[in-house]
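K.L.:
structure for the following, please:
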Amino acid sequence: MTPECAQTFHEAYTRVLRQVTTSPDHRISTRGNASLESLDVSFRITDPTQRVPYLATRPINLAYNWAEVLWYWSGRADLDMIGYYAPMMRASSRDGSTLTGTAYGRSLFTTGADGRTQWQRVLDLLGKDNDTKRAVLSIFSPTELMIDDNPDVSCTIAAQFLLRENRLHLTCYMRGNDAFMGMPSDVFSFTVFQELAAHQLGVQVGHYSHHVGSMHVNLPNRPKVRKILAEVGADGYQPPAFRFPDMPADACLTSLRLLAQEEGGLRSNTQQHTVESVADTGLAPYWQQVLLAWEAYRQITHTDRPVSTDILQALDPGYRWLVERRWPNRIPQGAA
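P.N.:
This is a model prediction of the structure:
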């Protein structure tokens, strides 16, 4: 049975929030988190490049979303990087310096005994057999349950690529997903990797499917969800305000390597960017937007001044809209 379809994640996100908070299957409490829960929730996004919900009542942090993509792609597990963008993640670390289950990149992008990463093995398989059903990226490990009080167990079980009629589809299977907090960043990262894999294989991006055993909303976040639902209205649909840019097909891996070099300097505040210096990197405009978002975040994090007007004006309209709504007190007067 085909899961419920949406054109964009913007549309799917509000549908799921409405389902879980207005007609949940259960009310649960695990590890001290009281939640509303719907079981076996699935949806499909027909255009997964449109991976951002544009909601004034839930403006996502694109600096974090892109940093998480890079954190995964780099195979990192440290909090030094990801904790800068999401300090609350430190609470999930057992040793105060690393993450285990959340660090999906360790299983996806760490080189194995055969000299390849799991990512490369899957892409090699798809290149040899377009119709394969074996192109599965395994994430959840049984060893994660060996520690009874493990604070960080993978939410994602696996991701499966299916290449059909020159279109690369991606299906993700999750044991649990926080619909309000976690789902936007999960879908963002997964669909970026879907687009990246499609470009590496030289095929078109297909649909994205998301299957979750326990989709939930923690009760403290229910008032925030109600504000989102009030924003979209009674019919539950509000067209997205912007279109997310399309990733260029060429030089993706080279661009990610350059971004990895640039990110560390911005995070440590040992480097800063202007619109001109970002352009001088030679990155395509799509990837320049990532640097601009990180520079805006650097200014928000390391200074007490408003974000540079030049940086704001150079941002893609959707990026700028999100920055202005997430940090309204850091926007120059009259700029928003």
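
K.L.:
of all the helices and strands in this protein, which has the lowest average confidence?
P.N.:
strand 4-6 (a mean of 91; mean pLDDT, DSSP states H and E).

K.L.:
sheet-wise, list the partners of that one with their directions.
P.N.:
Paired with strand 4-6 in the same sheet, following DSSP bridges, are strand 33-45 (parallel).

K.L.:
which residue packs closest to Phe161, ignoring adjacent ones?
P.N.:
Ala135 (4.2 Å; Cβ to Cβ, 6 or more residues apart in numbering). For every residue, glycine as well, the C-beta is placed using N, CA and C.

K.L.:
picking up where we left off before, distance between the very next helix or strand once past the least confident helix or strand of the chain and the chain's centre?
P.N.:
Beyond strand 4-6 in the direction of the C-terminus, DSSP states H and E gives the next helix or strand as helix 9-22. Mean-position distance between helix 9-22 and its chain equals 17 Å (Cα atoms, centre = their mean, to the nearest Å).

K.L.:
list the helices and strands the helix or strand just after helix 9-22 packs on?
P.N.:
Where DSSP H and E defines the elements, the next helix or strand beyond helix 9-22 is strand 26-30. Strand 26-30 is packed against strand 33-45, with contacts defined by 3 or more Cβ pairs under 8 Å, 6 or more residues apart in numbering; DSSP states H and E.

K.L.:
need the residues that contact the strand it packs on.
P.N.:
Contacting residues not belonging to strand 33-45 are listed as 2-9, 12, 15-16, 19-21, 23-29, 51, 177, 187, 191, 207-219, 222 [Cβ atoms under 8 Å, 6 or more residues apart in numbering].

K.L.:
rerun that using 7 Å as the cut-off
P.N.:
For strand 33-45, the surrounding residues in contact (Cβ atoms under 7 Å, 6 or more residues apart in numbering) are 2-6, 8-9, 12, 16, 19-21, 24-28, 207-219.

K.L.:
CA atoms only for the helix or strand that that strand is followed by, dumped as CSV, please.
P.N.:
Once the chain leaves strand 33-45, the next helix or strand it forms, by DSSP H and E, is helix 62-73. Output in CSV follows, covering the C-alpha atoms of helix 62-73 (Å, rounded to 0.1, in the frame of the first residue of the first chain):
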residue,chain,number,x,y,z
LEU,A,62,19.4,25.9,8.6
ALA,A,63,22.9,26.4,10.0
TYR,A,64,22.3,23.4,12.2
ASN,A,65,20.6,21.3,9.4
TRP,A,66,23.6,21.8,7.1
ALA,A,67,26.1,21.2,9.9
GLU,A,68,24.4,17.9,10.7
VAL,A,69,24.7,16.8,7.1
LEU,A,70,28.4,17.6,7.2
TRP,A,71,28.8,16.0,10.6
TYR,A,72,27.3,12.8,9.2
TRP,A,73,29.3,12.9,5.9
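
K.L.:
how far off centre is helix 62-73?
P.N.:
7 Å.

K.L.:
can you give me the strands for this protein?
P.N.:
Here the chain has its strands, by DSSP state E, at 4-6, 26-30, 33-45, 136-138, 156-164, 167-178, 204-218.

K.L.:
circling back: burial count for the residue nearest to Phe161?
P.N.:
Neighbour count for Ala135, taken as other Cβ atoms under 10 Å: 21.

K.L.:
how about Arg15?
P.N.:
Counted with other Cβ under 10 Å, the neighbours of Arg15 add up to 16.

K.L.:
distance of Phe43 from Arg267?
P.N.:
Here Phe43 is placed at a distance of 34 Å from Arg267 (Cβ to Cβ, to the nearest Å).

K.L.:
now do the helices in the stretch 201-336 of the chain.
P.N.:
Counting by DSSP state H, counting those that start in this stretch, one finds helices in the stretch 201-336 of the chain at the ranges 222-232, 252-268, 275-280, 285-302, 309-314, 317-326.

K.L.:
mind listing what's buried along the second one?
P.N.:
With burial defined by 16 or more other Cβ atoms under 10 Å, the residues of helix 252-268 counted as buried are 252, 255-256, 258-259, 262-263, 266-267.

K.L.:
same check, this time on the longest one
P.N.:
Judged by neighbour count (16+ other Cβ under 10 Å), helix 285-302 contains these buried residues: 287-300.

K.L.:
tabulate the residues you listed (JSON lines), appending distance to Trp73 and pLDDT.
P.N.:
Formatted as JSON lines, the buried residues of helix 285-302 follow (distance: Cβ to Cβ, whole Å; pLDDT from 0 to 100):
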{"residue": "Trp287", "distance to Trp73": "13", "pLDDT": "98"}
{"residue": "Gln288", "distance to Trp73": "18", "pLDDT": "98"}
{"residue": "Gln289", "distance to Trp73": "17", "pLDDT": "98"}
{"residue": "Val290", "distance to Trp73": "12", "pLDDT": "98"}
{"residue": "Leu291", "distance to Trp73": "16", "pLDDT": "98"}
{"residue": "Leu292", "distance to Trp73": "19", "pLDDT": "98"}
{"residue": "Ala293", "distance to Trp73": "17", "pLDDT": "98"}
{"residue": "Trp294", "distance to Trp73": "15", "pLDDT": "98"}
{"residue": "Glu295", "distance to Trp73": "20", "pLDDT": "98"}
{"residue": "Ala296", "distance to Trp73": "21", "pLDDT": "98"}
{"residue": "Tyr297", "distance to Trp73": "19", "pLDDT": "98"}
{"residue": "Arg298", "distance to Trp73": "20", "pLDDT": "98"}
{"residue": "Gln299", "distance to Trp73": "25", "pLDDT": "98"}
{"residue": "Ile300", "distance to Trp73": "24", "pLDDT": "98"}
